[in-house]
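Engineer: Turn this into a model:
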Amino acid sequence: MIIRKYIPAAFLFLIFFMKGRAQSAEIPEYRKEQLEIQAEKKDAEPEDDSYELDLEQFSKHPLNLNAASEEELMELHLLDALQIRNFMAYRKLLGALLSIHELQAVPGWNIETIRKLLPYILIGRDESVYSALRERWTGGDAAFLIRASQVMEKSKGFEKPLNPDASYYKGSAQRIFFRYTYNYKQLLSYGFTGDKDAGEPFFRSAQRYGFDFYSFHFFLRQQGIIQALAIGDFTVNLGQGLIQWQTIAFTKSSEALAIKREAACLRPYHSAGEFNFHRGAGISLQKGKWETTLFISLQKISSNLEGDTTGREDLFSSFQNSGYHRTAAEIADRNDTRQFSAGGNIRYSGSRFLIGFNYIYFQFSRPFQKRDVPYNLYSLKGTQLTDCSVDYNYTMGNMHVFGELAADQWRRLAFVQGALVSLSENLDMSFLYRNISPAFQSLYSDAFTENTVPNNEQGFYTGVSFRPGTGWRVSIYYDVFIFPWLKYRVDGPSGGRDILFQTLYQPNKSWHFTSLYKTEMKTGNAGDSNSGTHGLVTPVKQRWRLDTDYLISRSLRFDGRMEFVWIKQSGLPLRRGFLGTAGFNFRKSGWSGNLGCTIFETDDYDTRLYTYEPDLLYNFSLPGYYGNGLHYFVNLRGDLIRQRPHAGKHFRLSGWIKWGQTFYPGSVSIGSGLDRIPGNRKSELKVQILVQWQ
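Structural biologist: The predicted structure follows:
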């Protein structure tokens, strides 16, 4: 109660009354928000760092806008579909750009957009991207990264039990990750990674070859008619994600126009996640306006095995996508099922439109059968799955229309239709309708839906982005949805609505202030019941967030956030949560870093709050806070060795170290199960070394 009474007033004082100039954060605010939403939706921290790797490459080798393709502009992750099409039309009509200032004349582009792009673009001569293969092999950038982390307190899982049949972690408490990459201007890339999670054996027992997970990729782009060639591990993205989308993608956020899935069909995979990628080979061939992509993959996946009703055949009831192989049971599930997949697409790109046909096929070495409960009535069964779809888009003036129609092997349909419209220089709107059968089945898919997978949903989304004056931007969305069939923890047809209103004030490139309000109504089970089904209720969840950042001096920046959540449900007392964060970013004498503090108080798990926390390079920290407590962290980075570029060559050795600790006053333990830690504090140490050379 003390936190709720006095701490919010202190944060309001910091947000409104401290003066200064600011600098924009290394990661845009909307990107942090999208990561927080994804962490909350999937209850796990993202491991796909391809976005950060792409921007790192563009910061070293800025994209020449006079030669950039639509695909390369998409890889910036900073422009929506209509902005990209408007730029391509502008360049085609008026020729090569002469100055960065000319970008203000592109329809749909504003000062805010251009500021975000400046670190990653340049205006140069329109030169061919062709380069000799020998130059690609010798003129690129190489990097080797190794990262280690450990929770310092000993959890129950690391205590060997007296009962030999009891479950415990077979390995050490350290998590270790390494990655080697070579990249030549994103035209040639190859590398390999290794990852060991905390609790997994290392060079012994089930992991006698060291790391629990190894990955290799080779990726070649724009070599003759070969648009892309992938060997090893890669991801596949088709249409609007109804049948396949493996690159990180986001759903509803304050970026009200970010509703369209856009990415290259084939992309290299080099992250730590052990799920949601293909292992094999893929190729994209382009001739004129036609492009064809084909891929084939054979890999072992981890799954949960169960016997059938006769006990004579092993079925798998779910995919084990956590990547954890720590206990005897988890190790037994490791790589126990073979997955074969193949597919591709063929598409035609006109001056204003694109149409493509997509196909994907899966076959498993053992049958798939989910648990026999009512909400799994339409779930995938058997050893095979085939999906196909048609996707399209069309641009006409200030409107961009896109969509996808998909069907599985049982002819069950899924449909997504969207539009982006620029009504004036300061007003843009987006619309998206989806209608997906409860029986539609797909794997490794990620469309713009309320559900985590495209299944059992109908809905309509409307978004508005309005700039009422210099430095102001208002974003609004309204989404209404229904689920025609049962869901997990929802014993009946259900639905809901979601409304967001955000105001951003950024009078110059130095300072910003944001206020965000969101209300959500979604039907769920009423609670525990002794009967086979539950009654349904529709709680109202409201959230209000204030955040800002500004520069105190040339080398010191402050950022702060305050967030409230309320859940109202008929017949129950109001449940509340509060989170306040304050942090400083500093840079001095070759060193930089962050330090911050978070105070939180929530009534239960449903009122938990997620916040983005600065972490080691290419690593995410998005903790979900619930209960009562305080968290602080210190994160340092420095160049240990840095040689100035000589004859085009360079060498750099950088190091990171981060310490974080969370206190839960009055608690006798933290966590549950094998992760339960005795006491009221949890501490974590992370260390990382990055070597870069050319």
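Engineer: hey, let's count contacts and neighbours off CA atoms from now on
Structural biologist: Fine.
Engineer: what ranges do the strands span in the stretch 451-600 of the chain?
Structural biologist: Secondary structure of the stretch 451-600 of the chain (DSSP state E, counting those that start in this stretch): strands located at 457-466, 472-483, 494-508, 511-522, 524-525, 536-537, 540-553, 556-568, 575-588, 591-602.
Engineer: What pairs with the fifth one, parallel or antiparallel?
Structural biologist: Looking at strand 524-525 with DSSP bridges, its partner strands are strand 536-537 (antiparallel).
Engineer: so how far is the strand it pairs with off the chain centroid?
Structural biologist: Here strand 536-537 shows a centroid-to-chain-centroid distance of 31 Å under the convention C-alpha atoms, centre = their mean, to the nearest Å.
Engineer: For Tyr394, which non-adjacent residue is spatially closest?
Structural biologist: Phe353 (4.2 Å; C-alpha to C-alpha, 6 or more residues apart in numbering).
Engineer: re earlier: would you reformat the strands of the stretch 451-600 of the chain as JSON lines and include mean neighbour count?
Structural biologist: Formatted as JSON lines, the strands of the stretch 451-600 of the chain follow (neighbours: other C-alpha atoms under 10 Å):
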{"stretch": "strand 457-466", "mean neighbour count": "21"}
{"stretch": "strand 472-483", "mean neighbour count": "21"}
{"stretch": "strand 494-508", "mean neighbour count": "19"}
{"stretch": "strand 511-522", "mean neighbour count": "19"}
{"stretch": "strand 524-525", "mean neighbour count": "20"}
{"stretch": "strand 536-537", "mean neighbour count": "17"}
{"stretch": "strand 540-553", "mean neighbour count": "20"}
{"stretch": "strand 556-568", "mean neighbour count": "21"}
{"stretch": "strand 575-588", "mean neighbour count": "21"}
{"stretch": "strand 591-602", "mean neighbour count": "20"}
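Engineer: Dump those into CSV; add distance to Gly344 and mean pLDDT as well.
Structural biologist: Shown next, in CSV, are the strands of the stretch 451-600 of the chain (distance: least, C-alpha to C-alpha, whole Å; pLDDT from 0 to 100):
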stretch, distance to Gly344, mean pLDDT
strand 457-466, 26, 97
strand 472-483, 30, 96
strand 494-508, 34, 93
strand 511-522, 36, 94
strand 524-525, 38, 92
strand 536-537, 42, 94
strand 540-553, 41, 91
strand 556-568, 44, 94
strand 575-588, 45, 94
strand 591-602, 44, 95
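Engineer: List just the one of those strands that sits closest to Leu162.
Structural biologist: With respect to Leu162, and counting by C-alpha to C-alpha, the nearest of these is strand 591-602 at 36.8 Å.
Engineer: Next one: the closest residue in space to Ala328 that isn't next to it in sequence from Leu674, what distance?
Structural biologist: Ranked by C-alpha to C-alpha, 6+ apart and with sequence neighbours excluded, the top spatial neighbour of Ala328 is Ser167, at 7.0 Å. Going from Ser167 to Leu674 by C-alpha to C-alpha, to the nearest Å gives 8 Å.
Engineer: anything in contact with each of these two?
Structural biologist: Gly157 (C-alpha atoms under 8 Å, 6 or more residues apart in numbering).
Engineer: quick one, longest strand in this protein?
Structural biologist: The single longest strand within the chain, with elements called by DSSP state E, is strand 628-646.
Engineer: which ones are touching the nearest residue to Val634 once chain neighbours are set aside?
Structural biologist: The shortest distance from Val634 to any non-neighbouring residue, by C-alpha to C-alpha, 6+ apart, is to Leu595 (4.4 Å). Residues counted as contacts of Leu595 (C-alpha under 8 Å, 6+ apart) are 583-585, 632-635.
Engineer: Where does the prediction get shaky in the stretch 251-400 of the chain?
Structural biologist: Low-confidence segments of the stretch 251-400 of the chain (pLDDT under 70): 307-313.
Engineer: switch the cut-off to 90
Structural biologist: Applying pLDDT under 90 to the stretch 251-400 of the chain flags residues 251, 257, 304-314, 320-322, 350-352, 371-372, 397-398.
Engineer: all strands of it, in order?
Structural biologist: Secondary structure of the stretch 251-400 of the chain, counting by DSSP E, counting those that start in this stretch: strands at 266-268, 278-287, 290-301, 303-307, 314-319, 337-349, 353-369, 381-396, 399-408.
Engineer: Can you tell me the closest non-neighbouring residue to the spatially most central residue of the chain?
Structural biologist: By C-alpha atoms, centre = their mean, the chain has its centre lying nearest to Ile248, at 4.4 Å. For Ile248, ignoring the flanking residues on the chain, the nearest one in space by C-alpha to C-alpha, 6+ apart is Asp48 at 6.4 Å.
Engineer: Assumed Leu103 was part of a strand.
Structural biologist: No: membership of Leu103 in a strand is not supported by DSSP: H, G, I helix; E, B strand; the rest coil, which gives helix.
Engineer: ok, it - contacts?
Structural biologist: Listed by C-alpha under 8 Å, 6+ apart, the contact set of Leu103 reads 109, 114.
Engineer: check which helix or strand covers the residue nearest to the centre of the chain.
Structural biologist: Using DSSP states H and E, Ile248 sits in no helix or strand.
Engineer: beta partners for the closest residue to Ile476 other than its chain neighbours?
Structural biologist: Sequence neighbours aside, Phe501 is the residue nearest to Ile476 in space, at 4.6 Å (criterion: C-alpha to C-alpha, 6+ apart). Counting by DSSP bridges, Phe501 forms beta bridges with Ile476, Tyr517.
Engineer: you'd agree Phe501 is up against Arg473?
Structural biologist: No: the pair Phe501 and Arg473 fails to qualify as a contact (C-alpha atoms under 8 Å) at a distance of 10.8 Å.
Engineer: Could I get the contacting residues of the residue nearest to Tyr394?
Structural biologist: Contact analysis of Phe353 by C-alpha under 8 Å, 6+ apart lists 392-395.
Engineer: at 10 Å what do you get?
Structural biologist: Going by C-alpha atoms under 10 Å, 6 or more residues apart in numbering, Phe353 touches 392-396, 400-402.
Engineer: so which two of these are the farthest from each other?
Structural biologist: Spatially, the most separated pair among the contacts of Phe353 is Tyr392 and Met396, at 13.6 Å (C-alpha to C-alpha).
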